[in-house]
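Undergrad: what would the 3D arrangement of this be:
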Amino acid sequence: MPRENPRTPTPASVMRDALFASGRSWKLTLATLGYIVHEAAEALVPVLVGVIIDRAIVTNDAAQLALWLGILLANFLVLSFSYRWAARLMVRVYGHGELELRRSLLTRVLHPNGVTSRRSPGELLQITTSDSYRVAGVSWSVVQQGASTAAILVSSAALLAISVPLGVGVLAASVLILVGMHAASKPIEARGAREQASASAASDVATDLVAGLRIIRGIRAQPQATRRYLDASAEAKTGAIASNRGIQRYLAVSGIASGAFLAALAFSAASLAALGQITLGELVAVVGLGQYLQGSLAHVGTFASNWLHKRASAVRIVAVLSEEHAVPVEDTHVGGVGLAEAVRSTHDAPAAFTWRAPDGTDIDVAPGTLVGLRPATPAAARALAATLAYRVPLEAGEVTVAGLDAHTIGPDAYRHLVFAPPHDATVFSATLHENLLVDSDADGVDGAGAGAGADTGAGAGAGPGIDPDLESAAERSALTEVTVLGWHRQLGERGRRLSGGQRQRVLLARAFASEARVLVLDEPASALDPATEARIAASLRAHPTTTVLVTRSPLLLAACDRVIDVEAHSPCGTGDARPAETRRPETPNASTAAGAVTQTRPETQNETQAQRQTQPETPTQPKAQAQRDTDPDTPATSPDEELARR
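TA: The predicted structure follows:
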């Protein structure tokens, strides 16, 4: 299981980690020194030009000219190489900082213990990409501000050497400009936060509309969908314009202040030169330093706005990193994955599964059996499926699998043994083959798989390198028409090239292909027609893995060894539940759970030949055949015929 930093994240800690985490502090320090050397060398250029004028040009001294030109050339070499070296280090610092921020966000979002809130994909994409990019850029801001500060200090020192009044004036003006720019930057953070929130909302609406495009067309809601997106887009545009206007006003004030500073400096230097207090070369140096300082002061003036804009992104990142786990991490056993893997490696057979209902009744699912749980409402079904999938906190002993307490081993280890996808699970933007590789090793399939697939009649879509187990899973999920199109055909974003029923069958094939010891399926055939649902019911009946169905479908429940009615007394399915059990008549020796009410399902004997002919041919069910051999009262009809009749 991914281990998270136990420290509570804050905007300051996120920005600090972007700077110094993973041993980047020394690289950042060296890069800062490199930029300082670069800026200092650049500040010395007008000083050296002034020296050349006074010592070589005015005096007409060729030796001094050659000497100082050589010094100027050496200064340019230092200026160039220090920048290239520092920039290379900064690319590494920035790149690794952004990578670690995104990795932290993805680790948090994909953590096996889940999160309490459900953010939209568009919002998560915005935070993971745009906000991570901005926060990681704080390293550039820190280094460049350090270099700009060094440039101001070097320039001021040179001005002090030329004229003390000029040097003091430059230092005083620099302090005033910095204080004024800091005061003017205060509204920028709030505008930046509003801009990012509106952009995230627009991205969320766009993602939602694209995901539901077929439904929107089906109900002819294009005008409403367009209006909704235009409203969100307009709000995002308004926020971006307001934020950028604030930044541009800030930059304009900063430019005016630095321009006024340059004009005052040039006028003062010209006055001193006219009075003979400074030389011609010193005047040139002062004007050059003033122009250079104008850029440095303008850059220093933007530091506050950049910092606050990045801090607004850091606040959004912290909101994701600090979300509570849906299942507390403190309750998770650190060695749970090892225990689960030990069960998988030593036991190939299906595992036993037990759920303790809210009223204290233990629902025992024997290895290899198919048990149906019939909830009162769809909302109760979602809540029950979330409990059995361990997506919500569990009490000790509430769910056990293969003798292991789910509460003890934790969600990550639990999912090594139990495959329990949500009802609205995602079809990945990949091929059918890649969508079914949940537990399989894609590189472990050799060419023999193709021959096996041909022997099993998996369809024309079966190609070289396809595992026969995957072909069997697709066949049991009635995916014949999809496999004919090709195993390596892209299914589109979130399976958009498929119909709703085809997407659900892909998810069901993924469950059949899983190597888990227990399957928990939440309404796996809700989007299928009755004939296909009957085929799926027969496949579930024949599947050797322990399977728990959370469903209200009569066809699926008819295939179950046991059916347990779960009555929930609240709309969300969180009230008291009292199971009422229904068993197949061909299972006379199954034990009855404590407090359960046993019902017998009547079997219809009169079945027409036409009904038998409409049922697709499936392999003989070994569980039902064994019961017919031992129980003379069992009707001489196959489970497939019963499904067709029902």
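
Undergrad: residues touching S200, list them.
TA: G122, E123, Q126, I127, R316 (C-beta atoms under 8 Å, 6 or more residues apart in numbering). To be clear about C-beta, it is placed using only N, CA and C from the backbone, and glycine gets the same treatment.

Undergrad: of all those, which comes closest to L106?
TA: I127 (10.7 Å; C-beta to C-beta).

Undergrad: quick check, that closest one in contact with R316.
TA: Yes - using C-beta atoms under 8 Å, I127 is in contact with R316, at 5.4 Å.

Undergrad: circling back: which members of the contacts of S200 occur in helices, if any?
TA: G122, E123, Q126, R316 (DSSP state H).

Undergrad: Throw those into TSV and include distance to F76, neighbour count and pLDDT, thanks.
TA: Listed next are the ones in helices among the contacts of S200 as TSV, based on distance: C-beta to C-beta, whole Å; neighbours: other C-beta atoms under 10 Å; pLDDT from 0 to 100:
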residue	distance to F76	neighbour count	pLDDT
G122	49	20	73
E123	49	18	79
Q126	43	23	82
R316	43	22	88
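
Undergrad: ok, so of the contacts of S200, who is nearest A161?
TA: R316 (48.0 Å).

Undergrad: contacts only, for Q144.
TA: Taking C-beta under 8 Å, 6+ apart as the test, what Q144 contacts is Y35, H299.

Undergrad: what distance do you get for it to D61?
TA: The gap separating Q144 from D61 is 39 Å, by C-beta to C-beta, to the nearest Å.

Undergrad: how far does whichever helix in the chain runs longest sit from its chain's centre?
TA: Counting residues, the longest helix in the chain under DSSP H turns out to be helix 222-274. Computed by C-alpha atoms, centre = their mean, to the nearest Å, the chain-centroid distance of helix 222-274 equals 34 Å.

Undergrad: C-terminal to it, what's the next element?
TA: The C-terminal neighbour of helix 222-274 among helices and strands, as given by DSSP states H and E, is helix 280-301.

Undergrad: by contact count, what packs against that following helix?
TA: helix 25-52, helix 138-162, helix 164-184, helix 222-274 (3 or more C-beta pairs under 8 Å, 6 or more residues apart in numbering; DSSP states H and E).

Undergrad: now do E323 against I317, distance only.
TA: Distance of E323 to I317, computed by C-beta to C-beta: 11 Å.

Undergrad: who has more neighbours out of the two?
TA: I317 (25 against 16; other C-beta atoms under 10 Å).

Undergrad: wait, that one touches V135, no?
TA: Yes - the pair formed by I317 and V135 meets the contact definition of C-beta under 8 Å, at 6.2 Å.

Undergrad: which neighbours do those two share?
TA: The contact sets of I317 and V135 overlap at V14, L101 (C-beta under 8 Å, 6+ apart).

Undergrad: can you get me a residue count around Q64?
TA: The number of residues packed near Q64 is 16, by other C-beta under 10 Å.

Undergrad: identify the residue nearest D561 in space, chain neighbours excluded?
TA: T369 (4.6 Å; C-beta to C-beta, 6 or more residues apart in numbering).

Undergrad: quick check: phi and psi at E323.
TA: Here is the backbone geometry of E323 (degrees, to the nearest 10): phi -60, psi 140.

Undergrad: contacting residues for it?
TA: R108, V115, T116, S117.

Undergrad: for the second one, what are its contacts?
TA: With contact set as C-beta under 8 Å, 6+ apart, V115 has these partners: R108, V109, E323, E324, H325, A326.

Undergrad: circling back to that earlier point, turn the helices and strands packed on helix 280-301 into JSON lines, including distance to A513.
TA: Converted to JSON lines, the helices and strands packed on helix 280-301 look like this (distance: least, C-beta to C-beta, whole Å):
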{"stretch": "helix 25-52", "distance to A513": "46"}
{"stretch": "helix 138-162", "distance to A513": "45"}
{"stretch": "helix 164-184", "distance to A513": "60"}
{"stretch": "helix 222-274", "distance to A513": "36"}
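
Undergrad: lowest mean pLDDT across the ones you listed, which one is that?
TA: Set side by side, the helices and strands packed on helix 280-301 give their lowest mean pLDDT on helix 164-184, at a mean of 75.

Undergrad: name the residues that touch it?
TA: By C-beta under 8 Å, 6+ apart, helix 164-184 touches 152, 155-157, 159-161, 250, 253-254, 257-258, 261, 264-265, 268-269, 272, 286, 293, 297, 300-302, 304.

Undergrad: tilt between it and helix 222-274?
TA: For helix 164-184 against helix 222-274, the angle by axes from the mean of the first three to the mean of the last three C-alpha atoms, to 10 degrees is 160 degrees.

Undergrad: chain center to helix 164-184, what's the gap?
TA: For helix 164-184, the distance to the chain centre is 46 Å (C-alpha atoms, centre = their mean).

Undergrad: quick one: that helix to helix 138-162, angle?
TA: Using the same axes, to 10 degrees: helix 164-184 against helix 138-162 is 150 degrees.

Undergrad: next, the buried residues of helix 164-184.
TA: L166, G167, G169, V170, L171, A173, S174, I177, L178, M181, A184 (16 or more other C-beta atoms under 10 Å).

Undergrad: what does stretch 86-95 give?
TA: A86, L89, M90, V93, Y94.

Undergrad: farthest-apart pair in the residues you listed, please.
TA: Within the buried residues of stretch 86-95, A86 and Y94 form the most distant pair, 12.1 Å apart (C-beta to C-beta).

Undergrad: so which of the contacts of S200 is the closest to I215?
TA: Nearest to I215, judged by C-beta to C-beta, of these is G122 at 17.6 Å.

Undergrad: need the three-state assignment for P9.
TA: Classification of P9 by DSSP: H, G, I helix; E, B strand; the rest coil places it in coil.

Undergrad: okay, domains of this structure per the record?
TA: Recorded structural domains for the chain (assignment: automatic domain parsing) are 11-321, 336-427+503-645, 433-497.

Undergrad: which of these has the lowest average pLDDT?
TA: Across the domains of the chain, domain 433-497 has the smallest mean pLDDT, namely a mean of 66.

Undergrad: roughly how far is stretch 206-218 from the heart of the chain?
TA: Centroid separation for stretch 206-218 versus its chain: 21 Å, with C-alpha atoms, centre = their mean.

Undergrad: buried ones in that stretch?
TA: Burial within stretch 206-218, assessed by neighbour count using 16+ other C-beta under 10 Å, is assigned to T207, D208, L209, I216.

Undergrad: from S258, how far out is S148?
TA: According to C-beta to C-beta, S148 stands 12 Å off from S258.

Undergrad: G95 now?
TA: 32 Å.

Undergrad: which ones are touching the most centrally placed residue in the chain?
TA: Among the residues of the chain, the one closest to the centroid is L106, at 4.3 Å (C-alpha atoms, centre = their mean). L106 sits next to T128 when contact means C-beta under 8 Å, 6+ apart.

Undergrad: that one is in what secondary structure piece?
TA: Per DSSP H and E: helix 62-109 holds L106.

Undergrad: tell me what angle that helix forms with helix 138-162.
TA: If you take the same axes, to 10 degrees, helix 62-109 sits at 150 degrees to helix 138-162.
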